[in-house]
Each structure stands twice: as structure tokens, then as C-alpha cells.
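Asks: here's a sequence, model it:
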Amino acid sequence: MTDKGIVKMQTKYKLQRLDLIVLTALAAAYFILLRYLHHDISNTLISCNDDFFNADTAEVYEQIGGFYLNLDTMKHTIPYALLFLLEKIRMTLPGVQEVLTRQDIFLLIASLNVCLAYVITKVTTNNYISSLLIAILFGLSFSQLTVGSFPETYGITIFCLLSYLAFYNICSKSIKKNDFILRVMGSAFLGLCHLPLVLVGLYSHNHQQNSFLTKSSLIVLSGAIFATSPMWSVSLISPSAAALIYDYTGNNASINNFLEFENWLNVINNLYVVGLWNPAQIVQEIYAVTDTGYFAILVFVIVIGLICRLTAKLDVYRRAQALSVLLISVGQICFYIFFAPDYSALFAVTAIAIVIPLMALIIKDFNLSHKSLVLGMIIFIGYTNSITMLATPSEPIDGNCYNWGVKQGLMRVF
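Replies: Numbering: from 1, shown residues only. Modelled structure (predicted):
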């Protein structure tokens, strides 16, 4: 540290050669798996919007060929910019477009996200088996196999989220005096990817400080101002844009959603049950709680109780990290209840990704028998979700394509 208080970012963690071998094999295997599972439904993904999870797969697939100014770009500014850049690189580099299709961009990003899950867990546990288990569990989760690798903005959003979590976990101890700035920047940047991720500003290792709640509230508020800046700045310039944003919000969000117990069940089910495991044998638009779902939610509540009991036994540093994740998760649940309880399965990949540090903390002290149980669960989840993917019809579920391609009336910037 210099006299001016500038803290040099020194990382104590370095990837070993074996890590690099594991990451390369993991990325290649996952990319091949996704190509296999997506093969039958790929045509629907790139030609139809709203067929799966109410996702804009066709629009995103088409739109990254040019950069457009519209409501979706304002909501997901960073993902659209990065996807546009990746597509331009693919089209510019000699021979690349003959090897990789535009859809492969999304599969590559999803494969990198599985690798980042491994890195985050390895930083926490310094254990190869634990890191592989968490990475594979994340990779085989239903939300990651679908929305996380569909032609959508969420794959690149998860890449940004996991990159930030990896960076913060590696560097946070050596940049304590810049912790506030780092968290504001993370909150703002991730909010520009997906607005609820401004809550990542709560992620900290220093909950024992008396000013934590005040400091974290200020961080999230600052991040939210930056994250919503494309929308409110355009609204100030254009009354028609303001009306469009107001109508969009009014049609989707309602404070009354909190008063319906079914919405709470649906969101928890969609984020943490369907998001992890879906035996429905079809990828569809909307998921609601079924008899199986009620049982799964009961299991989920029991697991949360066990997690709270386990975190109570952690040291102060690790407990703060775990509580951060729980706070963010509760905030996400509330946001999706307010905004889109019916379509919350679309956002499950963000909810699953944010709990990776918590899963790493829990599995850190597992013995071999416990890890064997986790492996059995992973095999079961992966098999069931793969069957669901392969059983999904290769034609649009309702027989028609809704909102094909890029919507009319958009301004193409370049």
C-alpha cells in the first residue's frame, strides 16, 4: 500500500497446471453436451420468441448481428454490447465463422461459466473434487442447460456475475480500503446486465462491522442509480420512451403480488426447484407449483434450515460471506415476486449462480462419503434434466412462432 492509501491488488490464489487441464476438459465436454442436448430444439430457439420461459431467444439471436437502441438494450446494456462485440469478432476473424455458428457463441459462454463455477469453488475450498462437484452441479442444473445457454442475455450476464464473484473472493482481503468502491462498481456493472443484480453490492466479507447495513444500503442505492441510468436518461429526453417504460413496468410489476401466497410458492419453486431439477419432460413457457413442487419446496425449506445451522458454525469471515449470499437471495425472491412471479423460471439461472459461493462454503468440510452423496444427486439431476431436454418437441410447443426475430420499430445504431 502506498502513502496515499492506494491498495495494490495482489492475488494469493493462482491456478495450477492441473486446474488448467481440468478447466479445458470441463469446457470442452460441456460444450459438446450442450450441442447434443440443444440439437433438436435449436431451430425453435433461433426462430421463435417466448416459446421457452417467455425468453426472447429469436430476438436476441437476430439482434446481436447489429446494435439496436430499444427497451431490452436499456434493460440489459452490458450483455447486448458484449454479445454484439463477440459476434463481430466471430465474423471478422478469418475462418472462425466456418467453425463456430452464431448460436455457438452462447454455448461457449455457458461452458466458460461452468469453468468460473469451478474457479470460485477452488478459491474457497482448495479442493479439486469439491470444485468439480459444484461446477458439474451448476452445469447440469436445468436453468443452466436451458436459459443459461439459450440465445439469450442471461448467459453473458452470468459470465459477468461469476467473474466478479471470483475476482472479489480472490482480491477482497488485499483491497479492504477500496472495498466500498469495488462493491459499488460491481453493483452498478451487474445491474446494467440484469437489474436485480444490483443486490450483489450486499456481497461482503465484513458483516461484523456496525455500519454494514447503512454502508450496504448506500452501495445498492448507488448501483441502482447507475444501473437504471439508460432508462431514466432516455425518459428525460423522450416522453414517448418514458411512456413505454412506464407501460412495460405497469404491465408486469405489482405490489399486490406479495399478498398472494401462491406467488411466493411459484417464485421459490421456479428459482430453486425447477431451476435445479425439472422432471416435467418438456421445456415450456410457464411453470407452476404441482404436487411434486410442494414436496420439493418442503425439501428446499429443510435444506435452508440445515444451511443456516451450518453457517452458524463457520468462522466470522466465512459466515459473513454466507450471510451475504442469503441476503441477496432473499432480495431476488422479493424482486421476482414483485415483477414477474409467473415467468420467474426465466431468471432461475441468476438465482442458482449467486449461491455458488455458499455451496462452496458448505461443501468445503465435507468428507468423502458426503461428497459421494452429492455425486449421486448430481447424476440423478443431470439424467433427469437431459431427458427433459431431449423429450422437448423440436417444433414450437403451441404450433406457432410468436414475435419472430427483432421487433419492429427499433433503431439500429450500427
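Asks: which stretches of the stretch 1-150 of the chain have low pLDDT?
Replies: 1-14 (pLDDT under 70).
Asks: do a quick rundown of the helices in it.
Replies: For the stretch 1-150 of the chain, the helices defined by DSSP state H, counting those that start in this stretch cover 17-38, 42-47, 57-63, 71-75, 77-92, 96-99, 102-125, 128-140, 142-145.
Asks: could you dump these to CSV with mean neighbour count and distance to V184?
Replies: Placement of C-beta: from N, CA and C, glycine included. Below are the helices of the stretch 1-150 of the chain laid out as CSV (neighbours: other CB atoms under 10 Å; distance: least, CB to CB, whole Å):
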stretch, mean neighbour count, distance to V184
helix 17-38, 16, 30
helix 42-47, 18, 36
helix 57-63, 24, 28
helix 71-75, 19, 20
helix 77-92, 17, 16
helix 96-99, 10, 37
helix 102-125, 23, 21
helix 128-140, 23, 27
helix 142-145, 28, 28
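Asks: reformat the ones you listed as a markdown table; add distance to P279.
Replies: As requested, those are exported to a markdown table (distance: least, CB to CB, whole Å):
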| stretch | distance to P279 |
| --- | --- |
| helix 17-38 | 16 |
| helix 42-47 | 21 |
| helix 57-63 | 23 |
| helix 71-75 | 32 |
| helix 77-92 | 30 |
| helix 96-99 | 36 |
| helix 102-125 | 22 |
| helix 128-140 | 14 |
| helix 142-145 | 9 |
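Asks: closest to I356 out of those helices?
Replies: Closest of the helices of the stretch 1-150 of the chain to I356 is helix 102-125, at 5.3 Å (criterion: CB to CB).
Asks: list the helices and strands that closest one packs on?
Replies: Contacts defined by 3 or more CB pairs under 8 Å, 6 or more residues apart in numbering; DSSP states H and E place helix 102-125 against helix 17-38, helix 42-47, helix 77-92, helix 128-140, helix 142-145, helix 154-171, helix 356-363.
Asks: at 6 Å instead, please
Replies: For helix 102-125, the elements it packs on are helix 17-38, helix 128-140, helix 154-171, helix 356-363, judged by 3 or more CB pairs under 6 Å, 6 or more residues apart in numbering; DSSP states H and E.
Asks: give me the contacts around the third one.
Replies: This means helix 154-171. 9, 11, 13, 79, 82-83, 106, 109-110, 113, 116, 119-120, 123, 147-149, 186, 190, 193-194, 349, 353 (CB atoms under 6 Å, 6 or more residues apart in numbering).
Asks: and the last one, by the same measure?
Replies: Residues external to helix 356-363 that are found in contact with it (CB under 6 Å, 6+ apart): 117, 120-121, 124-125, 130, 134, 310, 318, 322, 325.
Asks: centre-most residue in the protein?
Replies: T350 (2.6 Å; CA atoms, centre = their mean).
Asks: ok, that residue to T124 distance?
Replies: According to CB to CB, to the nearest Å, T350 and T124 sit 20 Å apart.
Asks: for N54, which non-adjacent residue is closest in space?
Replies: Y343 (4.5 Å; CB to CB, 6 or more residues apart in numbering).
Asks: ok so, going back, export the helices and strands packed on helix 102-125 to TSV and tack on distance to P239?
Replies: Output for the helices and strands packed on helix 102-125, formatted as TSV (distance: least, CB to CB, whole Å):
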stretch	distance to P239
helix 17-38	42
helix 128-140	44
helix 154-171	30
helix 356-363	43
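Asks: so which strand or helix has the residue nearest to the centre of the chain?
Replies: helix 348-354 (DSSP states H and E).
Asks: got the CA positions of that helix in CSV?
Replies: Below are the C-alpha coordinates for helix 348-354, written out as CSV (Å, rounded to 0.1, in the frame of the first residue of the first chain):
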residue,chain,number,x,y,z
ALA,A,348,-33.5,-19.0,-12.2
VAL,A,349,-30.0,-19.2,-13.6
THR,A,350,-29.1,-15.9,-11.8
ALA,A,351,-30.5,-17.3,-8.5
ILE,A,352,-28.6,-20.5,-8.9
ALA,A,353,-25.3,-18.8,-9.9
ILE,A,354,-25.4,-16.4,-6.9
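Asks: can you report how many residues lie near the residue nearest to N54?
Replies: 19 (other CB atoms under 10 Å).
Asks: excluding its backbone neighbours, what's nearest H205?
Replies: A320 (5.1 Å).
Asks: so, low pLDDT: which residues of the stretch 201-350 of the chain?
Replies: 206-211, 240-241, 291-293.
Asks: what about the helices in it?
Replies: Listed in chain order, the helices of the stretch 201-350 of the chain (DSSP H, counting those that start in this stretch) span 212-227, 229-237, 239-252, 261-268, 291-311, 316-339, 348-354.
Asks: turn the ones you listed into a markdown table, columns for distance to L199.
Replies: Formatted as a markdown table, these follow (distance: least, CB to CB, whole Å):
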| stretch | distance to L199 |
| --- | --- |
| helix 212-227 | 6 |
| helix 229-237 | 17 |
| helix 239-252 | 18 |
| helix 261-268 | 15 |
| helix 291-311 | 18 |
| helix 316-339 | 4 |
| helix 348-354 | 9 |
